[in-house]
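Peer 1: Give me a 3D structure for the following:
(one chain, ligands or ions: 1)
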Amino acid sequence: VRQILISLALACLSCESVPSEPPADLLLRGGRIYTLSAAQEWAEAVAIRGDKIAAVGGSAELDRIVGPKTAVIDLGGKLVLPGFIDSHIHFLEGALQIHHAKLDEARSLQEMLDLVKAYADRNLGLAWIQGMGWNYTYVEGGRLPTRQDLDAVLSDRPAYLQAYDGHTAWVNSKALEVAAVTRHSKPQGYGEVVKDPLTGDLTGVFKEQGAMELVRRAIPQPSRQDKLAALQRALGEALAHGLTSIQIAHGSPTFDPSPKYAPDELDLYEELERRGELPLRVYFAMSVSRQTKAEELEQFARLKARLPGPRLKAGAVKIVMDGVIESHTAGMLEPYADDPSTSGNPDYSQAEIDRLIADLDRRGFHIFTHAIGDRSVRMVLDAYQRAAANNPPLPRRHRIEHIEVVSEEDVPRFASLGVIASMQPYHASPDITGVWARNLGKKRLARAFAWKSLRQAGARLVHGSDWPVVTLDPLVGLHAAVTREDLDGKPAGGWIPEQRLTLAEAVRGYTADAAYASFEEDLKGTLEVGKQADLVVLSDDLFQILARRIPEAEVLMTLVGGRAAYTSPRFGELGGAKK
Ligand SMILES: [Zn+2]
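Peer 2: Numbering: from 1, shown residues only. Here you go, the predicted model:
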């Protein structure tokens with residue numbers, strides 16, 4: 001008898017406890033659900049209870065947890081992915097620039113000037129004309145634009161125009177006058193005030209934040225209310241693109257030269273969260289530079305303790321190691337091909353970056369370091385390696401942001417040191433055959449945006465947009481990752497096609513691996529039982545359509561923590577039906 005009782009008990013432990021399982025709040029069924037789970041890569045249905053995933057499986061199988069109050073959506077074969085995570089974004093900056101003149105629509109200097117003039121005429125009430133997105137390749141002859149170019153279309157109001165990468169500003173003479181910048185003005189930190197080599201006259205171009213700040217500080221600041229309103233608009237836009245998490249790589253100060261700027265931005269998200277109006281998840285990296293004081297780092301540590309997530313999480317810091325290849329400020333191992341007199345200009349010596357990284361590592365911060373040139377990348381890898389060797393053991397997941405060129409010897413070090421490669425696929429697109437490639441030269445091109453080499457060497461790659469540098473649309477990023485073509489399909493077959501990723505690899509960089517890159521892989525990034533129900537329903541199955549059609553797919557619904565944070569007006573029409 002005793003034996004029989006034990007057998008019954010064991011049988012009950014292994015049997016499915018159907019009657020005791022509470023019904024789901026929401027069931028999505030009849031879809032193509034890409035879970036990114038090793039146990040079950042594809043499923044047809046996902047059930048959600050509260051803010052979490054309750055079950056994943058076949059449609060018929062999951063009908064068992066439909067109760068009288070369960071909302072059921074028939075997906076009609078649509079693709080479901082874990083919600084997209086943008087691993088590198090400048091969100092407030094992007095939000096505040098939504099209404100600035102968009103110069104990326106121009107293809108020549110004259111077209112840029114026409115756009116500035118039209119924008120200024122449309123916005124007569126603006127004291128400053130601000131624009132973004134101009135491209136170094138638009139100016140014929142490879143020169144930089146000048147204030148005189150701009151004065152020809154706008155001389156009575158100051159104009160401040162930021163290059164697409166955010167690393168260079170181009171202003172008119174009125175802006176120099178209003179900001180009281182003269183040929184004697186010195187950059188406040190890393191940067192260069194560009195002067196005519198013959199006359200020493202200001203050209204109106206300012207490279208990197210320390211120089212750009214000289215003009216930017218004269219631009220009237222948006223109010224807190226303006227910033228909150230801008231954020232809410234931009235958060236809505238992010239959800240409409242399927243983003244359920246963003247990782248804010250703050251880096252350089254944008255509107256306020258004080259390093260306190262970053263916590264001020266964090267404070268805006270805190271206010272939205274308190275009001276229950278933060279519709280997606282935010283991981284926040286605070287700017288650190290050599291000017292950052294010890295008491296500010298202590299404040300960052302308190303913010304880290306106070307904001308552990310899962311909606312708003314602090315604890316990362318961002319360092320800027322160098323500039324960009326287009327303006328020769330990225331630190332290279334060999335001189336620039338178009339100007340052998342320079343190999344760039346990292347902001348820190350090896351000893352300085354070693355010291356800064358060791359200090360931040362010891363304090364327990366998660367470190368993001370912007371490093372674009374192969375020399376800067378190596379210096380940061382060295383600094384991470386030394387910090388790990390000399391400081392107490394920690395779960396380290398330090399990251400390098402951008403990595404536009406990497407030397408062959410350094411490729412395997414990402415995996416061996418556990419350093420995360422944070423790379424923005426669409427950056428390999430807007431300027432790939434222009435100034436960037438010219439400055440780099442042919443010899444190094446095979447290691448340009450070397451996504452595949454890094455992945456094959458075992459590195460964990462995470463993706464993002466760097467918005468407002470380029471669009472925050474992750475489908476555009478996925479397209480660039482798998483094709484290395486621009487949106488017009490150029491160059492056909494892809495630019496350095498060996499470095500293309502598969503769609504599965506690229507999706508992982510926007511989901512599961514991106515969650516790992518903020519220490520949140522137990523919470524999100526795959527569609528598995530117990531994880532947050534963050535997911536996106538797409539109009540087309542990206543795995544079935546031609547790669548060039550990926551950017552045309554539409555987000556039909558975005559769920560964050562089980563709640564529909566965005567529903568497309570076309571959701572019903574495309575096969576979704578609510579019961
Ligand atoms: Zn950035």
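Peer 1: ok, and the closest non-adjacent residue to whichever residue of the stretch 401-550 of the chain sits closest to the ion?
Peer 2: Across the stretch 401-550 of the chain, no residue is closer to the ion than residue 466, which sits at 4.4 Å (CB to the ion). The C-beta positions use only the backbone N, C-alpha and C, and glycine is treated the same way. Take residue 466 and drop its neighbours on the chain: the residue closest to it by CB to CB, 6 or more residues apart in numbering is residue 424, 4.7 Å away.
Peer 1: so what pLDDT did the one you found get?
Peer 2: If you check residue 424, the pLDDT there is 96.
Peer 1: Could you list the low-pLDDT ranges of the stretch 151-300 of the chain?
Peer 2: Filtered on pLDDT under 70, the stretch 151-300 of the chain yields the residue ranges 251-263.
Peer 1: Return the nearest residue of it with respect to the ion.
Peer 2: Counting by CB to the ion, the stretch 151-300 of the chain gets nearest the ion through residue 249, at 5.0 Å.
Peer 1: That residue against residue 317, yeah?
Peer 2: No: counting by CB atoms under 8 Å, residue 317 is not a contact partner of residue 249; they are 10.3 Å apart.
Peer 1: what is in contact with those two at once?
Peer 2: Listed as contacting both residue 249 and residue 317 by CB atoms under 8 Å, 6 or more residues apart in numbering are 285, 368.
Peer 1: Quick check: next helix or strand after the helix or strand bottoming out on mean pLDDT in the chain?
Peer 2: Using mean pLDDT, DSSP states H and E, the weakest-scoring helix or strand in the chain turns out to be helix 2-14, at a mean of 45. Using DSSP states H and E, the next helix or strand after helix 2-14 towards the C-terminus is strand 26-29.
Peer 1: what does that following strand contact?
Peer 2: Against strand 26-29 from outside (CB under 8 Å, 6+ apart): 44-48, 59, 62-63, 65-66, 70-75, 80, 533, 535, 537, 562.
Peer 1: What pairs with it, parallel or antiparallel?
Peer 2: Taking DSSP bridges as the criterion, strand 26-29 forms sheet pairs with strand 45-49 (antiparallel), strand 71-74 (parallel).
Peer 1: Show the average pLDDT along the helix or strand following the last one.
Peer 2: What it means is strand 71-74. Note on strand 71-74: by DSSP H and E, the next helix or strand toward the C-terminus is strand 79-82. Across strand 79-82, the average pLDDT comes to 98.
Peer 1: Would you mind pulling the contact partners of strand 79-82?
Peer 2: With CB under 8 Å, 6+ apart as the test, strand 79-82 has contacts from 28, 31-36, 46, 242, 244, 507, 511-512, 524-527, 534-538, 540-543.
Peer 1: Produce a PyMOL select command limited to the buried residues of those residues.
Peer 2: Selecting the buried subset of the contacts of strand 79-82 in PyMOL, with 16 or more other CB atoms under 10 Å as the burial test, is done by:
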select buried, resi 28+31+32+33+34+35+36+46+242+244+507+511+512+524+525+526+527+534+535+536+537+538+540+542
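Peer 1: Show me what from this structure comes close to the ion.
Peer 2: Within reach of the ion by CB under 5 Å from the ion, the chain has these residues: 249, 466.
Peer 1: check contacts around the residue nearest the centre of the chain.
Peer 2: Geometric centre of the chain, nearest residue: residue 88, 2.3 Å, by CA atoms, centre = their mean. By CB under 8 Å, 6+ apart, residue 88 lies in contact with 247, 249, 368, 401, 422, 424, 464, 465, 466.
Peer 1: Same check on residue 196?
Peer 2: Residue 196 makes contact with 202, 203, according to CB under 8 Å, 6+ apart.
Peer 1: Can you pull the phi/psi pair for it?
Peer 2: With angles defined as degrees, to the nearest 10, residue 196 sits at phi -60, psi 120.
Peer 1: repeat for residue 405
Peer 2: According to degrees, to the nearest 10, residue 405 has phi -140, psi 140.
Peer 1: Name the nearest residue to it, ignoring sequence neighbours.
Peer 2: Leaving aside its chain neighbours, residue 405 sits nearest to residue 374 (4.6 Å; criterion: CB to CB, 6+ apart).
Peer 1: got the contact list for stretch 441-451?
Peer 2: Against stretch 441-451 from outside (CB under 8 Å, 6+ apart): 334, 336-338, 374, 403-408, 411, 423, 425, 427-428, 437, 440, 453, 461, 481, 484, 496, 498-501.
Peer 1: Could I get the buried residue list for that stretch?
Peer 2: For stretch 441-451, by 16+ other CB under 10 Å, it's 444, 445, 447, 448, 449, 450, 451.
Peer 1: Next: stretch 306-318.
Peer 2: So for stretch 306-318, counting by 16+ other CB under 10 Å, buried means 307, 309, 311, 312, 313, 314, 315, 316, 317, 318.
Peer 1: Now render the residues you listed as TSV, adding pLDDT, secondary structure and distance to residue 476.
Peer 2: Shown next, in TSV, are the buried residues of stretch 306-318 (pLDDT from 0 to 100; DSSP: H, G, I helix; E, B strand; the rest coil; distance: CB to CB, whole Å):
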residue	pLDDT	secondary structure	distance to residue 476
307	95	coil	30
309	94	coil	27
311	96	coil	26
312	96	strand	26
313	96	strand	26
314	94	strand	29
315	91	strand	29
316	96	strand	25
317	95	strand	28
318	95	strand	24
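Peer 1: What is the nearest of these to the ion?
Peer 2: Relative to the ion, and with distances defined as CB to the ion, the nearest of the buried residues of stretch 306-318 is residue 318, at 8.3 Å.
Peer 1: Run through the bridge partners of the closest one.
Peer 2: residue 287, residue 368.
Peer 1: Would you mind listing the residues in contact with it?
Peer 2: Here residue 318 is in contact with 249, 250, 251, 285, 286, 287, 288, 367, 368, 369, 370, 401 (criterion: CB under 8 Å, 6+ apart).
Peer 1: now do 7 Å
Peer 2: 249, 250, 251, 285, 286, 287, 288, 368, 370 (CB atoms under 7 Å, 6 or more residues apart in numbering).
Peer 1: Might one say that the second one is in contact with residue 285?
Peer 2: Yes: under the criterion of CB atoms under 7 Å, residue 250 lies in contact with residue 285, with a separation of 5.4 Å.
Peer 1: just checking, residue 33 is part of a strand?
Peer 2: Yes: under DSSP: H, G, I helix; E, B strand; the rest coil, residue 33 sits within a strand.
Peer 1: what ranges do the helices span in the stretch 201-350 of the chain?
Peer 2: 209-216, 224-240, 261-274, 294-306, 350-362 (DSSP state H, counting those that start in this stretch).
Peer 1: can you list those in JSON lines and add distance to residue 54?
Peer 2: Output for the helices of the stretch 201-350 of the chain, formatted as JSON lines (distance: least, CB to CB, whole Å):
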{"stretch": "helix 209-216", "distance to residue 54": "47"}
{"stretch": "helix 224-240", "distance to residue 54": "23"}
{"stretch": "helix 261-274", "distance to residue 54": "25"}
{"stretch": "helix 294-306", "distance to residue 54": "31"}
{"stretch": "helix 350-362", "distance to residue 54": "39"}
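Peer 1: Ranking these by mean neighbour count, which comes first?
Peer 2: Ranked by mean neighbour count, the helices of the stretch 201-350 of the chain are led by helix 209-216 with a mean of 24 (mean count of other CB atoms under 10 Å).
Peer 1: Send me that one as PDB with only the CA atoms.
Peer 2: Provided in PDB are the C-alpha atoms of helix 209-216 (Å, rounded to 0.1, in the frame of the first residue of the first chain):
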ATOM      1  CA  GLN A 209      31.700  68.800 -27.400                       C
ATOM      2  CA  GLY A 210      34.300  71.000 -25.600                       C
ATOM      3  CA  ALA A 211      34.400  73.300 -28.600                       C
ATOM      4  CA  MET A 212      30.700  73.100 -29.600                       C
ATOM      5  CA  GLU A 213      29.800  74.100 -26.100                       C
ATOM      6  CA  LEU A 214      31.200  77.600 -26.700                       C
ATOM      7  CA  VAL A 215      28.300  78.400 -29.000                       C
ATOM      8  CA  ARG A 216      25.700  76.000 -27.600                       C
END
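Peer 1: Understood, closing this out.
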